[in-house]
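>>> Build me a model:
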Amino acid sequence: MARLARKTRVDVLVTHEAPESHKLGYRILGDVARALKARVHIHGHHHERYDAMLDGGVRVAGVGMSGMMIEWMQPGDGLFWLSPFPGGNALAMGYDPKRKMYQGEFVGLEGCKRFTAPDLNTLYEEGALILETFLKRPKRR
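Predicted coordinates for the structure are as follows:
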């Protein structure tokens, strides 16, 4: 693990399995995220949408079959992908062929609104503005 940490650093770690923040997760994955100094660890597998924080300040987002992403990103409906944004943030994006619109939502940012746009450039621009506004607002205690 120490050799890995000396040679590699990542902002976002994406795995199939969960770290120890999930009741069925594995501590070794949290150890890997900490060793790589990841800011965000995104995982699937357990079909649950949740946010957590690991020791060491690693934000965790479970992106399963229920919750934010699946509400509008069904596999038969169109394309879906993740795109990195500054600060270790990840934008979940999809194309809805029925509405002929792209949709986006930031993973793991509670209270950050979903948004749509007619094309990818506009979606990225809208995402950058929403993220900047969201990160500048005062934190609730």
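
>>> okay, CA-based contacts and neighbour counts for the rest of this
Noted.

>>> pull the longest strand from the chain.
strand 89-96 (DSSP state E).

>>> what lines up beside it in the sheet?
Using DSSP bridges, strand 89-96 pairs in its sheet with strand 80-85 (antiparallel), strand 101-106 (antiparallel).

>>> Just the buried positions in stretch 113-132, please.
Judged by neighbour count using 16 or more other CA atoms under 10 Å, the buried positions of stretch 113-132 are 116-117, 120, 123-124, 126-127, 130-131.

>>> who's in contact with that stretch?
91, 100-106, 112 (CA atoms under 8 Å, 6 or more residues apart in numbering).

>>> again, but for stretch 39-48
10-18, 33, 57-67, 87-89.

>>> which residues does Val107 contact?
Contacts of Val107 by CA under 8 Å, 6+ apart are 61, 89-92.

>>> Next, count neighbours for Val32.
A count of nearby residues for Val32, using other CA atoms under 10 Å, gives 18.

>>> for Arg99, same thing?
8.

>>> now do Lys100
11.

>>> Got phi/psi on the closest residue to it other than its chain neighbours?
Nearest-residue entry for Lys100: Pro118, 7.1 Å, with adjacent residues in sequence omitted and distances by CA to CA, 6 or more residues apart in numbering. With angles defined as degrees, to the nearest 10, Pro118 sits at phi -80, psi -20.

>>> where does Pro118 sit relative to Leu91, distance-wise?
The gap separating Pro118 from Leu91 is 16 Å, by CA to CA, to the nearest Å.
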